[in-house]
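In: here's a sequence, model it:
(2 chains)
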Number of protein chains: 2
Amino acid sequence: MRTIDKQNRMPLYSQLMDIILDMIEEGDLNADDQLPSERELCEKYDVSRSTVRQAIQELEKEGYIYRLHGKGTFISPKRFKQDLLKFYSFTEEMKKIGKVPTSKVLDFNIIECNEKLSRKMKLKVGDSLYIFTRLRLADNEPMMLETSYVPCHRFPGLTKKQLEQMPMYDIFSKLYNVSITSAEETFQSVLTREEEAYILMYTNGFPSTMIERTTYENEDVIEYTKGIARGDRFKYSILLKK
Amino acid sequence: MRTIDKQNRMPLYSQLMDIILDMIEEGDLNADDQLPSERELCEKYDVSRSTVRQAIQELEKEGYIYRLHGKGTFISPKRFKQDLLKFYSFTEEMKKIGKVPTSKVLDFNIIECNEKLSRKMKLKVGDSLYIFTRLRLADNEPMMLETSYVPCHRFPGLTKKQLEQMPMYDIFSKLYNVSITSAEETFQSVLTREEEAYILMYTNGFPSTMIERTTYENEDVIEYTKGIARGDRFKYSILLKK
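Out: The predicted structure is shown next:
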(Lines give C-alpha, C1' and ligand atoms only; values in the text may rest on other atoms or scores of the structure.)
Protein backbone atom coordinates (compact mmCIF):
# COMPACT_ATOMS: atom_id res chain seq x y z
CA MET A 1 0.00 0.00 0.00
CA ARG A 2 1.23 3.47 -0.84
CA THR A 3 1.73 5.69 2.19
CA ILE A 4 1.96 9.39 2.79
CA ASP A 5 5.48 10.75 3.19
CA LYS A 6 5.41 13.44 5.82
CA GLN A 7 8.92 14.62 4.91
CA ASN A 8 7.91 15.25 1.27
CA ARG A 9 7.61 18.87 0.15
CA MET A 10 4.23 18.00 -1.42
CA PRO A 11 1.35 18.86 0.93
CA LEU A 12 -0.29 15.87 2.64
CA TYR A 13 -3.70 16.49 1.02
CA SER A 14 -2.06 16.52 -2.38
CA GLN A 15 -0.30 13.22 -1.70
CA LEU A 16 -3.60 11.71 -0.57
CA MET A 17 -5.26 12.98 -3.77
CA ASP A 18 -2.59 11.25 -5.84
CA ILE A 19 -3.04 8.00 -3.91
CA ILE A 20 -6.78 8.05 -4.62
CA LEU A 21 -6.23 9.05 -8.26
CA ASP A 22 -3.85 6.12 -8.67
CA MET A 23 -6.45 3.77 -7.20
CA ILE A 24 -8.93 5.06 -9.78
CA GLU A 25 -6.43 4.68 -12.59
CA GLU A 26 -5.39 1.18 -11.49
CA GLY A 27 -9.03 0.10 -11.36
CA ASP A 28 -9.03 -0.45 -7.58
CA LEU A 29 -11.81 2.13 -7.50
CA ASN A 30 -14.29 2.13 -10.37
CA ALA A 31 -17.04 4.47 -11.61
CA ASP A 32 -19.83 4.82 -9.03
CA ASP A 33 -17.90 2.91 -6.33
CA GLN A 34 -18.22 4.50 -2.93
CA LEU A 35 -15.09 6.21 -1.61
CA PRO A 36 -14.01 5.01 1.86
CA SER A 37 -15.35 7.29 4.61
CA GLU A 38 -13.38 10.26 5.93
CA ARG A 39 -12.74 8.34 9.14
CA GLU A 40 -11.41 5.29 7.29
CA LEU A 41 -9.11 7.45 5.17
CA CYS A 42 -7.82 9.25 8.28
CA GLU A 43 -6.97 5.95 9.93
CA LYS A 44 -5.60 4.19 6.89
CA TYR A 45 -3.23 7.01 5.90
CA ASP A 46 -2.61 8.45 9.36
CA VAL A 47 -3.64 11.99 8.46
CA SER A 48 -5.99 14.51 10.04
CA ARG A 49 -9.64 14.96 9.21
CA SER A 50 -8.92 18.35 7.65
CA THR A 51 -6.30 16.82 5.32
CA VAL A 52 -8.82 14.20 4.20
CA ARG A 53 -11.51 16.85 3.71
CA GLN A 54 -9.24 19.03 1.62
CA ALA A 55 -8.23 16.10 -0.58
CA ILE A 56 -11.88 15.13 -1.09
CA GLN A 57 -12.88 18.70 -1.84
CA GLU A 58 -10.16 19.10 -4.45
CA LEU A 59 -10.95 15.74 -6.05
CA GLU A 60 -14.56 16.83 -6.31
CA LYS A 61 -13.57 20.15 -7.92
CA GLU A 62 -11.40 18.28 -10.39
CA GLY A 63 -14.35 16.05 -11.22
CA TYR A 64 -12.93 12.72 -10.08
CA ILE A 65 -15.54 12.11 -7.39
CA TYR A 66 -19.08 13.28 -6.73
CA ARG A 67 -21.21 13.54 -3.61
CA LEU A 68 -24.76 12.44 -3.07
CA HIS A 69 -26.39 14.08 -0.12
CA GLY A 70 -26.90 11.68 2.75
CA LYS A 71 -25.38 8.83 0.77
CA GLY A 72 -21.67 9.52 0.57
CA THR A 73 -18.96 10.17 -1.98
CA PHE A 74 -18.58 8.18 -5.19
CA ILE A 75 -16.12 7.78 -8.04
CA SER A 76 -17.06 9.70 -11.22
CA PRO A 77 -17.30 7.98 -14.58
CA LYS A 78 -14.10 8.31 -16.61
CA ARG A 79 -13.76 11.41 -18.78
CA PHE A 80 -14.69 10.95 -22.40
CA LYS A 81 -11.49 11.19 -24.46
CA GLN A 82 -12.08 13.16 -27.65
CA ASP A 83 -9.64 12.58 -30.48
CA LEU A 84 -8.93 16.03 -31.94
CA LEU A 85 -7.63 14.77 -35.25
CA LYS A 86 -11.08 13.88 -36.51
CA PHE A 87 -13.98 15.97 -37.73
CA TYR A 88 -16.02 14.86 -34.78
CA SER A 89 -19.64 15.56 -33.99
CA PHE A 90 -20.99 15.33 -30.46
CA THR A 91 -23.85 13.17 -31.72
CA GLU A 92 -21.61 10.62 -33.41
CA GLU A 93 -19.06 10.49 -30.62
CA MET A 94 -21.65 9.86 -27.92
CA LYS A 95 -23.29 7.12 -29.98
CA LYS A 96 -19.92 5.40 -30.33
CA ILE A 97 -19.56 5.07 -26.57
CA GLY A 98 -23.10 3.75 -26.23
CA LYS A 99 -24.72 6.91 -24.91
CA VAL A 100 -27.90 8.48 -26.20
CA PRO A 101 -27.13 12.03 -27.39
CA THR A 102 -29.84 14.67 -27.28
CA SER A 103 -29.87 18.43 -27.72
CA LYS A 104 -32.12 21.07 -26.24
CA VAL A 105 -32.32 24.27 -28.27
CA LEU A 106 -32.52 26.92 -25.56
CA ASP A 107 -32.57 29.94 -27.86
CA PHE A 108 -33.03 30.55 -31.54
CA ASN A 109 -32.88 34.03 -33.06
CA ILE A 110 -31.81 36.01 -36.08
CA ILE A 111 -29.39 38.88 -35.49
CA GLU A 112 -27.39 41.31 -37.59
CA CYS A 113 -23.70 40.59 -37.92
CA ASN A 114 -21.63 43.01 -35.83
CA GLU A 115 -18.00 43.97 -36.40
CA LYS A 116 -16.56 41.25 -34.25
CA LEU A 117 -18.60 38.51 -35.90
CA SER A 118 -17.92 39.96 -39.35
CA ARG A 119 -14.20 39.41 -38.76
CA LYS A 120 -14.66 35.94 -37.34
CA MET A 121 -17.06 34.83 -40.04
CA LYS A 122 -15.83 36.81 -43.06
CA LEU A 123 -19.24 38.40 -43.45
CA LYS A 124 -20.42 41.99 -43.91
CA VAL A 125 -21.61 44.01 -40.95
CA GLY A 126 -25.39 43.87 -41.11
CA ASP A 127 -25.63 40.44 -42.74
CA SER A 128 -28.23 38.20 -41.10
CA LEU A 129 -27.11 35.41 -38.82
CA TYR A 130 -28.91 32.68 -36.96
CA ILE A 131 -27.80 32.50 -33.34
CA PHE A 132 -28.81 29.50 -31.30
CA THR A 133 -27.77 27.96 -28.02
CA ARG A 134 -27.89 24.21 -27.58
CA LEU A 135 -27.47 22.14 -24.47
CA ARG A 136 -25.91 18.83 -25.43
CA LEU A 137 -26.79 15.86 -23.26
CA ALA A 138 -25.62 12.25 -23.12
CA ASP A 139 -28.02 9.83 -21.44
CA ASN A 140 -29.87 12.95 -20.26
CA GLU A 141 -26.81 14.29 -18.49
CA PRO A 142 -25.70 17.82 -19.49
CA MET A 143 -22.25 17.72 -21.10
CA MET A 144 -21.77 20.91 -23.15
CA LEU A 145 -23.41 24.24 -23.81
CA GLU A 146 -22.86 25.65 -27.30
CA THR A 147 -23.81 28.94 -28.91
CA SER A 148 -23.57 28.87 -32.69
CA TYR A 149 -23.66 31.56 -35.37
CA VAL A 150 -24.64 30.49 -38.85
CA PRO A 151 -25.13 32.74 -41.92
CA CYS A 152 -28.78 32.97 -42.99
CA HIS A 153 -28.00 33.27 -46.71
CA ARG A 154 -26.41 29.80 -46.78
CA PHE A 155 -29.22 28.19 -44.75
CA PRO A 156 -32.50 29.85 -45.83
CA GLY A 157 -35.46 28.70 -43.76
CA LEU A 158 -33.48 26.98 -41.01
CA THR A 159 -35.75 26.45 -38.01
CA LYS A 160 -35.47 25.70 -34.33
CA LYS A 161 -37.52 22.58 -34.90
CA GLN A 162 -35.02 21.17 -37.38
CA LEU A 163 -32.21 21.69 -34.87
CA GLU A 164 -34.24 19.86 -32.24
CA GLN A 165 -34.92 16.91 -34.50
CA MET A 166 -31.71 16.40 -36.44
CA PRO A 167 -27.98 16.73 -35.71
CA MET A 168 -26.72 20.10 -36.99
CA TYR A 169 -24.14 18.62 -39.34
CA ASP A 170 -26.79 16.34 -40.83
CA ILE A 171 -28.96 19.40 -41.50
CA PHE A 172 -25.99 21.09 -43.12
CA SER A 173 -25.13 18.19 -45.40
CA LYS A 174 -28.53 16.64 -46.08
CA LEU A 175 -30.82 19.67 -46.27
CA TYR A 176 -28.38 22.30 -47.51
CA ASN A 177 -25.82 20.21 -49.37
CA VAL A 178 -22.90 21.67 -47.48
CA SER A 179 -19.60 19.84 -47.53
CA ILE A 180 -17.23 20.87 -44.80
CA THR A 181 -13.68 21.36 -46.04
CA SER A 182 -11.90 22.49 -42.89
CA ALA A 183 -12.43 23.49 -39.30
CA GLU A 184 -10.40 25.35 -36.72
CA GLU A 185 -10.82 24.66 -33.02
CA THR A 186 -9.35 26.53 -30.09
CA PHE A 187 -9.27 25.25 -26.51
CA GLN A 188 -8.89 27.17 -23.28
CA SER A 189 -9.18 26.11 -19.66
CA VAL A 190 -11.67 28.32 -17.85
CA LEU A 191 -13.80 28.38 -14.72
CA THR A 192 -17.49 27.67 -15.20
CA ARG A 193 -19.60 30.80 -14.89
CA GLU A 194 -22.70 30.94 -12.71
CA GLU A 195 -25.28 30.79 -15.51
CA GLU A 196 -23.36 28.09 -17.37
CA ALA A 197 -23.06 25.98 -14.21
CA TYR A 198 -26.79 26.32 -13.64
CA ILE A 199 -27.68 25.02 -17.10
CA LEU A 200 -24.98 22.34 -17.08
CA MET A 201 -26.02 21.17 -13.58
CA TYR A 202 -22.39 21.69 -12.64
CA THR A 203 -20.74 23.97 -10.09
CA ASN A 204 -19.77 27.63 -10.41
CA GLY A 205 -15.96 27.89 -10.30
CA PHE A 206 -15.31 24.29 -11.33
CA PRO A 207 -13.09 23.79 -14.40
CA SER A 208 -14.44 23.71 -17.95
CA THR A 209 -12.99 23.85 -21.42
CA MET A 210 -14.02 26.71 -23.68
CA ILE A 211 -14.03 25.53 -27.27
CA GLU A 212 -14.32 27.87 -30.23
CA ARG A 213 -14.93 26.25 -33.59
CA THR A 214 -14.98 27.83 -37.02
CA THR A 215 -16.12 25.54 -39.80
CA TYR A 216 -15.46 26.21 -43.47
CA GLU A 217 -16.95 25.24 -46.80
CA ASN A 218 -14.03 26.16 -49.03
CA GLU A 219 -13.36 29.81 -48.21
CA ASP A 220 -16.73 30.46 -46.58
CA VAL A 221 -17.38 30.23 -42.86
CA ILE A 222 -20.55 28.23 -42.34
CA GLU A 223 -20.44 28.05 -38.55
CA TYR A 224 -18.83 29.80 -35.62
CA THR A 225 -19.53 28.11 -32.29
CA LYS A 226 -18.42 28.97 -28.79
CA GLY A 227 -18.96 26.17 -26.30
CA ILE A 228 -18.37 25.27 -22.68
CA ALA A 229 -17.62 21.60 -22.01
CA ARG A 230 -17.75 20.25 -18.45
CA GLY A 231 -14.19 19.67 -17.28
CA ASP A 232 -15.19 16.56 -15.36
CA ARG A 233 -16.59 14.91 -18.46
CA PHE A 234 -14.09 15.51 -21.24
CA LYS A 235 -10.44 15.30 -22.07
CA TYR A 236 -8.88 15.87 -25.48
CA SER A 237 -6.12 13.98 -27.17
CA ILE A 238 -4.00 14.19 -30.24
CA LEU A 239 -1.60 11.70 -31.79
CA LEU A 240 1.15 13.16 -33.92
CA LYS A 241 3.26 11.14 -36.32
CA LYS A 242 6.36 12.19 -38.16
CA MET B 1 -21.36 51.81 -27.11
CA ARG B 2 -22.68 48.44 -25.98
CA THR B 3 -24.98 48.59 -23.02
CA ILE B 4 -26.20 46.15 -20.41
CA ASP B 5 -29.64 44.69 -21.01
CA LYS B 6 -31.42 44.37 -17.70
CA GLN B 7 -34.17 42.21 -19.22
CA ASN B 8 -31.66 39.65 -20.50
CA ARG B 9 -31.53 36.26 -18.74
CA MET B 10 -27.74 36.58 -18.57
CA PRO B 11 -26.61 38.00 -15.20
CA LEU B 12 -25.46 41.63 -15.28
CA TYR B 13 -21.90 40.82 -14.17
CA SER B 14 -21.64 38.31 -16.99
CA GLN B 15 -22.82 40.88 -19.55
CA LEU B 16 -20.27 43.35 -18.23
CA MET B 17 -17.54 40.68 -18.53
CA ASP B 18 -18.47 40.16 -22.16
CA ILE B 19 -18.40 43.90 -22.86
CA ILE B 20 -14.88 44.14 -21.42
CA LEU B 21 -13.78 40.97 -23.24
CA ASP B 22 -15.04 42.46 -26.50
CA MET B 23 -13.08 45.66 -25.85
CA ILE B 24 -9.96 43.53 -25.38
CA GLU B 25 -10.65 41.55 -28.52
CA GLU B 26 -11.41 44.67 -30.57
CA GLY B 27 -8.15 46.24 -29.41
CA ASP B 28 -9.90 49.06 -27.50
CA LEU B 29 -8.06 47.71 -24.46
CA ASN B 30 -4.54 46.38 -24.98
CA ALA B 31 -2.05 44.38 -22.91
CA ASP B 32 -1.00 46.29 -19.79
CA ASP B 33 -3.57 49.07 -20.33
CA GLN B 34 -5.28 50.10 -17.13
CA LEU B 35 -8.91 49.05 -16.76
CA PRO B 36 -11.31 51.93 -15.99
CA SER B 37 -11.93 52.24 -12.24
CA GLU B 38 -14.84 50.47 -10.52
CA ARG B 39 -16.55 53.84 -10.14
CA GLU B 40 -16.21 54.67 -13.84
CA LEU B 41 -17.56 51.24 -14.84
CA CYS B 42 -20.53 51.65 -12.46
CA GLU B 43 -21.42 54.98 -14.00
CA LYS B 44 -20.77 54.09 -17.60
CA TYR B 45 -22.86 50.91 -17.55
CA ASP B 46 -25.35 51.90 -14.85
CA VAL B 47 -24.71 48.90 -12.63
CA SER B 48 -23.95 48.48 -8.94
CA ARG B 49 -20.52 48.34 -7.38
CA SER B 50 -21.05 44.67 -6.50
CA THR B 51 -21.83 43.81 -10.14
CA VAL B 52 -18.64 45.53 -11.26
CA ARG B 53 -16.61 43.78 -8.55
CA GLN B 54 -17.96 40.39 -9.50
CA ALA B 55 -17.18 40.98 -13.19
CA ILE B 56 -13.63 42.09 -12.35
CA GLN B 57 -13.10 39.14 -10.03
CA GLU B 58 -14.22 36.66 -12.66
CA LEU B 59 -12.13 38.30 -15.38
CA GLU B 60 -9.13 38.03 -13.06
CA LYS B 61 -9.83 34.35 -12.40
CA GLU B 62 -10.11 33.75 -16.13
CA GLY B 63 -6.76 35.46 -16.60
CA TYR B 64 -7.89 38.40 -18.74
CA ILE B 65 -6.86 41.05 -16.25
CA TYR B 66 -4.38 41.29 -13.39
CA ARG B 67 -4.14 43.52 -10.32
CA LEU B 68 -1.14 45.37 -8.98
CA HIS B 69 -1.51 46.34 -5.35
CA GLY B 70 -2.00 50.04 -4.95
CA LYS B 71 -1.80 50.62 -8.69
CA GLY B 72 -5.01 49.26 -10.16
CA THR B 73 -6.20 46.62 -12.59
CA PHE B 74 -4.58 45.98 -15.96
CA ILE B 75 -5.20 43.99 -19.11
CA SER B 76 -3.23 40.72 -19.33
CA PRO B 77 -1.07 39.90 -22.32
CA LYS B 78 -2.87 37.74 -24.89
CA ARG B 79 -2.70 33.98 -24.36
CA PHE B 80 -0.06 32.22 -26.39
CA LYS B 81 -1.81 30.09 -29.02
CA GLN B 82 -0.14 26.72 -29.40
CA ASP B 83 -0.74 24.88 -32.65
CA LEU B 84 -1.30 21.25 -31.67
CA LEU B 85 -0.55 19.85 -35.08
CA LYS B 86 3.18 20.38 -34.74
CA PHE B 87 5.84 18.60 -32.73
CA TYR B 88 6.37 21.71 -30.67
CA SER B 89 8.93 22.39 -28.02
CA PHE B 90 8.41 25.04 -25.38
CA THR B 91 11.87 26.43 -26.10
CA GLU B 92 11.27 26.84 -29.84
CA GLU B 93 7.75 28.21 -29.48
CA MET B 94 8.77 30.88 -26.99
CA LYS B 95 11.71 31.96 -29.19
CA LYS B 96 9.34 32.38 -32.13
CA ILE B 97 7.26 34.93 -30.24
CA GLY B 98 10.37 36.80 -29.15
CA LYS B 99 10.50 35.59 -25.57
CA VAL B 100 13.55 34.19 -23.80
CA PRO B 101 12.78 30.64 -22.64
CA THR B 102 14.51 29.25 -19.57
CA SER B 103 14.02 26.14 -17.43
CA LYS B 104 14.72 25.54 -13.78
CA VAL B 105 15.24 21.90 -12.87
CA LEU B 106 13.58 21.68 -9.46
CA ASP B 107 14.16 17.96 -8.87
CA PHE B 108 16.23 15.26 -10.50
CA ASN B 109 16.17 11.66 -9.26
CA ILE B 110 16.34 8.06 -10.34
CA ILE B 111 13.43 5.82 -9.34
CA GLU B 112 12.26 2.30 -10.02
CA CYS B 113 9.41 1.91 -12.48
CA ASN B 114 6.16 1.04 -10.70
CA GLU B 115 3.17 -0.74 -12.20
CA LYS B 116 1.42 2.39 -13.35
CA LEU B 117 4.49 3.78 -15.09
CA SER B 118 5.30 0.38 -16.56
CA ARG B 119 1.96 0.44 -18.36
CA LYS B 120 2.32 4.04 -19.51
CA MET B 121 5.91 3.62 -20.65
CA LYS B 122 5.94 -0.01 -21.80
CA LEU B 123 8.75 -0.82 -19.36
CA LYS B 124 9.26 -3.56 -16.79
CA VAL B 125 8.43 -2.95 -13.16
CA GLY B 126 11.76 -2.24 -11.48
CA ASP B 127 13.44 -0.66 -14.54
CA SER B 128 15.30 2.56 -13.70
CA LEU B 129 13.77 5.88 -14.66
CA TYR B 130 14.94 9.44 -14.40
CA ILE B 131 12.27 11.66 -12.89
CA PHE B 132 12.73 15.40 -13.08
CA THR B 133 10.54 18.42 -12.60
CA ARG B 134 11.15 21.52 -14.65
CA LEU B 135 9.68 24.97 -14.29
CA ARG B 136 9.47 26.54 -17.75
CA LEU B 137 9.72 30.32 -17.90
CA ALA B 138 9.36 32.88 -20.67
CA ASP B 139 11.07 36.21 -20.03
CA ASN B 140 11.45 34.99 -16.44
CA GLU B 141 7.73 34.52 -16.01
CA PRO B 142 6.59 31.03 -14.92
CA MET B 143 4.44 29.40 -17.62
CA MET B 144 4.43 25.64 -17.06
CA LEU B 145 5.49 23.05 -14.56
CA GLU B 146 6.45 19.68 -16.01
CA THR B 147 7.41 16.37 -14.42
CA SER B 148 9.07 13.98 -16.85
CA TYR B 149 9.89 10.29 -16.70
CA VAL B 150 12.63 9.08 -19.00
CA PRO B 151 14.11 5.53 -19.17
CA CYS B 152 17.71 5.38 -17.90
CA HIS B 153 18.80 2.66 -20.31
CA ARG B 154 18.15 4.89 -23.32
CA PHE B 155 19.87 7.92 -21.79
CA PRO B 156 22.86 6.65 -19.78
CA GLY B 157 24.62 9.37 -17.82
CA LEU B 158 21.92 12.02 -18.22
CA THR B 159 22.49 14.78 -15.66
CA LYS B 160 20.59 17.61 -14.06
CA LYS B 161 23.24 19.99 -15.38
CA GLN B 162 22.58 18.98 -18.99
CA LEU B 163 18.87 19.64 -18.52
CA GLU B 164 19.67 23.06 -17.11
CA GLN B 165 21.91 23.98 -20.01
CA MET B 166 20.23 22.50 -23.06
CA PRO B 167 16.62 21.99 -24.23
CA MET B 168 15.54 18.42 -23.46
CA TYR B 169 14.76 17.54 -27.07
CA ASP B 170 18.18 18.82 -28.11
CA ILE B 171 19.76 16.53 -25.52
CA PHE B 172 17.69 13.66 -26.88
CA SER B 173 18.64 14.23 -30.50
CA LYS B 174 22.17 15.60 -30.23
CA LEU B 175 23.63 13.66 -27.31
CA TYR B 176 21.63 10.44 -27.58
CA ASN B 177 20.78 10.33 -31.26
CA VAL B 178 17.07 9.87 -30.61
CA SER B 179 14.65 10.57 -33.40
CA ILE B 180 11.09 11.08 -32.29
CA THR B 181 8.58 9.24 -34.45
CA SER B 182 5.30 10.04 -32.71
CA ALA B 183 3.81 11.67 -29.65
CA GLU B 184 0.46 11.53 -27.92
CA GLU B 185 -0.84 14.47 -25.94
CA THR B 186 -3.88 14.64 -23.70
CA PHE B 187 -5.45 17.84 -22.40
CA GLN B 188 -7.70 18.39 -19.42
CA SER B 189 -9.01 21.54 -17.80
CA VAL B 190 -8.19 21.52 -14.09
CA LEU B 191 -7.91 23.86 -11.14
CA THR B 192 -4.41 24.82 -10.09
CA ARG B 193 -3.36 23.08 -6.87
CA GLU B 194 -1.81 24.97 -3.97
CA GLU B 195 1.77 23.80 -4.48
CA GLU B 196 1.57 24.26 -8.26
CA ALA B 197 0.20 27.77 -7.86
CA TYR B 198 3.02 28.61 -5.49
CA ILE B 199 5.72 27.55 -7.95
CA LEU B 200 3.91 29.05 -10.97
CA MET B 201 3.34 32.34 -9.11
CA TYR B 202 -0.31 31.85 -9.96
CA THR B 203 -3.41 31.45 -7.79
CA ASN B 204 -4.78 28.33 -6.13
CA GLY B 205 -8.11 27.45 -7.76
CA PHE B 206 -7.49 29.37 -10.99
CA PRO B 207 -7.79 27.36 -14.22
CA SER B 208 -4.89 25.44 -15.73
CA THR B 209 -4.46 22.85 -18.43
CA MET B 210 -3.05 19.47 -17.47
CA ILE B 211 -1.06 18.08 -20.37
CA GLU B 212 0.17 14.51 -20.52
CA ARG B 213 2.63 13.70 -23.26
CA THR B 214 4.05 10.36 -24.29
CA THR B 215 6.81 10.53 -26.86
CA TYR B 216 7.90 7.57 -28.97
CA GLU B 217 10.98 6.48 -30.85
CA ASN B 218 9.41 3.83 -33.04
CA GLU B 219 7.73 1.47 -30.54
CA ASP B 220 9.68 2.67 -27.50
CA VAL B 221 8.46 5.33 -25.11
CA ILE B 222 11.29 7.75 -24.53
CA GLU B 223 9.40 10.27 -22.42
CA TYR B 224 6.26 10.52 -20.33
CA THR B 225 5.56 14.02 -19.07
CA LYS B 226 2.74 15.39 -16.96
CA GLY B 227 2.53 19.16 -16.98
CA ILE B 228 0.46 22.02 -15.68
CA ALA B 229 0.20 25.06 -17.96
CA ARG B 230 -1.17 28.34 -16.61
CA GLY B 231 -4.65 28.83 -18.03
CA ASP B 232 -4.14 32.56 -18.36
CA ARG B 233 -1.10 32.11 -20.59
CA PHE B 234 -2.01 29.40 -23.09
CA LYS B 235 -4.67 28.35 -25.51
CA TYR B 236 -4.45 25.45 -27.93
CA SER B 237 -5.61 25.26 -31.50
CA ILE B 238 -5.97 22.75 -34.25
CA LEU B 239 -6.79 23.17 -37.93
CA LEU B 240 -8.37 20.19 -39.61
CA LYS B 241 -8.58 19.79 -43.37
CA LYS B 242 -10.51 17.24 -45.34
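
In: domain parsing for chain A?
Out: A:12-75, A:80-237 (automatic domain parsing).

In: any regions of chain A where pLDDT drops low?
Out: A:1 (pLDDT under 70).

In: regarding it, what is its longest helix?
Out: For chain A, the longest helix by residue count, based on DSSP state H, is helix A:12-26.

In: for that helix, packing partners?
Out: Judged by 3 or more Cβ pairs under 8 Å, 6 or more residues apart in numbering or on different chains; DSSP states H and E, helix A:12-26 is in contact with helix A:38-45, helix A:49-61, helix B:115-121. Every C-beta, even on glycine, is put in place using the N, C-alpha and C of the backbone.

In: buried ones in the longest one?
Out: Put plainly, it is helix A:49-61. For helix A:49-61, a neighbour-count test (16 or more other Cβ atoms under 10 Å in any protein chain shown) marks A:51, A:52, A:54, A:55, A:56, A:58, A:59, A:60, A:61 as buried.

In: is that helix positioned near chain B?
Out: Yes: if you take Cβ under 8 Å from any Cβ of the partner chain as the test, helix A:49-61 does meet chain B, through A:58, A:61.

In: same question, stretch A:142-162
Out: No: Stretch A:142-162 lies apart from chain B when judged by Cβ under 8 Å from any Cβ; the minimum separation is 11.1 Å.

In: show me how far that stretch is from its chain's centre.
Out: 19 Å (Cα atoms, centre = their mean, to the nearest Å).

In: measure that stretch end to end?
Out: 20 Å (Cα to Cα, to the nearest Å).

In: the strands in chain A, which residues?
Out: Per DSSP state E, chain A carries strands over the ranges A:65-68, A:72-75, A:80-83, A:101-112, A:128-138, A:141-151, A:182-191, A:207-217, A:220-230, A:234-241.

In: quick one: residue A:41 from chain B, how far?
Out: 18 Å (Cβ to the nearest Cβ, to the nearest Å).

In: what sits against that residue?
Out: Residue A:41 makes contact with A:16, A:35, A:47, A:52, A:55, according to Cβ atoms under 8 Å, 6 or more residues apart in numbering or on different chains.

In: related to what we said a few turns ago, out of the helices and strands packed on helix A:12-26, nearest to residue B:3?
Out: Nearest of these to residue B:3, taken as Cβ to Cβ: helix A:49-61 at 35.1 Å.

In: for the most centrally placed residue in chain A, which residues are in contact?
Out: Residue closest to the average C-alpha location in chain A (Cα atoms, centre = their mean): residue A:229, at 2.1 Å. Contacts were defined as Cβ under 8 Å, 6+ apart; by that measure residue A:229 touches A:143, A:144, A:208, A:209, A:211.

In: against residue B:145, how distant is it?
Out: Residue A:229 is 24 Å from residue B:145, where distance means Cβ to Cβ, to the nearest Å.

In: look up how far chain B lies from residue A:130.
Out: Taking Cβ to the nearest Cβ, one finds residue A:130 at 19 Å from chain B.

In: now that residue. Nearest residue, chain neighbours left out?
Out: residue A:150 (4.6 Å; Cβ to Cβ, 6 or more residues apart in numbering or on different chains).

In: quick one: closest of the strands of chain A to residue A:172.
Out: Here strand A:220-230 is closest among those (Cβ to Cβ), at 6.8 Å.

In: relative to strand A:207-217, how tilted is the closest one?
Out: 170 degrees (axes from the mean of the first three to the mean of the last three Cα atoms, to 10 degrees).

In: and strand A:220-230, how far out from the chain middle?
Out: 13 Å.

In: repeat that for stretch A:41-59.
Out: With Cα atoms, centre = their mean, you get 28 Å for stretch A:41-59.

In: over to it now: how far is its first residue from its last?
Out: Terminal-residue distance, stretch A:41-59 (Cα to Cα): 14 Å.

In: if we ignore the residues flanking it in sequence, what's nearest residue A:47?
Out: Nearest one to residue A:47, counting by Cβ to Cβ, 6+ apart, is residue A:12 at 5.4 Å.

In: quick check: the one you found touching residue A:51?
Out: Yes: shown here, residue A:12 and residue A:51 form a contact pair, counting by Cβ atoms under 8 Å, at 4.7 Å.

In: quick revisit: now the helices and strands packed on helix A:12-26 as CSV including distance to residue A:119?
Out: Below are the helices and strands packed on helix A:12-26 laid out as CSV (distance: least, Cβ to Cβ, whole Å):
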stretch, distance to residue A:119
helix A:38-45, 53
helix A:49-61, 36
helix B:115-121, 43
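
In: and of those helices, who's closest to residue A:29?
Out: Among the helices and strands packed on helix A:12-26, if distance is taken as Cβ to Cβ, the winner is helix A:49-61, at 11.0 Å.

In: got the angle between that closest one and helix A:38-45?
Out: Using the same axes, to 10 degrees: helix A:49-61 against helix A:38-45 is 110 degrees.

In: who's in contact with helix A:49-61?
Out: Contacts of helix A:49-61 (Cβ under 8 Å, 6+ apart): A:12-14, A:16-17, A:20-21, A:35, A:38, A:41-42, A:45, A:65-67, A:73, A:203, A:205-207, B:191, B:193, B:205.

In: how far does it sit from its chain's centre?
Out: 23 Å.

In: what angle do that helix and helix A:12-26 make?
Out: Using the same axes, to 10 degrees, helix A:49-61 lies at 50 degrees relative to helix A:12-26.

In: quick one: helix A:49-61 to strand B:182-191, angle?
Out: 120 degrees.

In: quick revisit: switch the strands of chain A over to TSV; also include distance to residue B:172.
Out: Shown next, in TSV, are the strands of chain A (distance: least, Cβ to Cβ, whole Å):
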stretch	distance to residue B:172
strand A:65-68	38
strand A:72-75	37
strand A:80-83	26
strand A:101-112	42
strand A:128-138	40
strand A:141-151	38
strand A:182-191	27
strand A:207-217	30
strand A:220-230	34
strand A:234-241	16
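
In: which stretch among the ones you listed comes nearest residue B:98?
Out: Per Cβ to Cβ, nearest to residue B:98 of the strands of chain A: strand A:182-191, 21.6 Å.

In: just confirm residue A:24 contacts residue A:74, I think it does.
Out: No: with contact defined as Cβ under 8 Å, residue A:24 does not reach residue A:74; the gap is 11.3 Å.

In: ok, those two, which is more surrounded?
Out: Neighbour count, other Cβ atoms under 10 Å in any protein chain shown: between residue A:24 and residue A:74, residue A:24 has more, with 19 against 16.

In: the nearest residue to residue A:147 once chain neighbours are set aside pairs with what?
Out: What sits nearest to residue A:147 in space, not counting adjacent residues and going by Cβ to Cβ, 6+ apart, is residue A:133, at 4.6 Å. Counting by DSSP bridges, residue A:133 is bridged to residue A:107, residue A:147.

In: enumerate every residue touching residue A:133.
Out: Counted by Cβ under 8 Å, 6+ apart, residue A:133 has contacts A:105, A:106, A:107, A:145, A:146, A:147, A:148.

In: mind doing that once more with 6 Å?
Out: A:106, A:107, A:147 (Cβ atoms under 6 Å, 6 or more residues apart in numbering or on different chains).

In: burial count for the first one?
Out: Which is residue A:106. So residue A:106, with other Cβ under 10 Å, has 15 neighbours.

In: what residues does chain A put near chain B?
Out: A:11, A:14, A:61-62, A:84, A:87, A:181-191, A:193, A:195, A:207-209, A:231, A:235-242 (Cβ under 6 Å from any Cβ of the partner chain).
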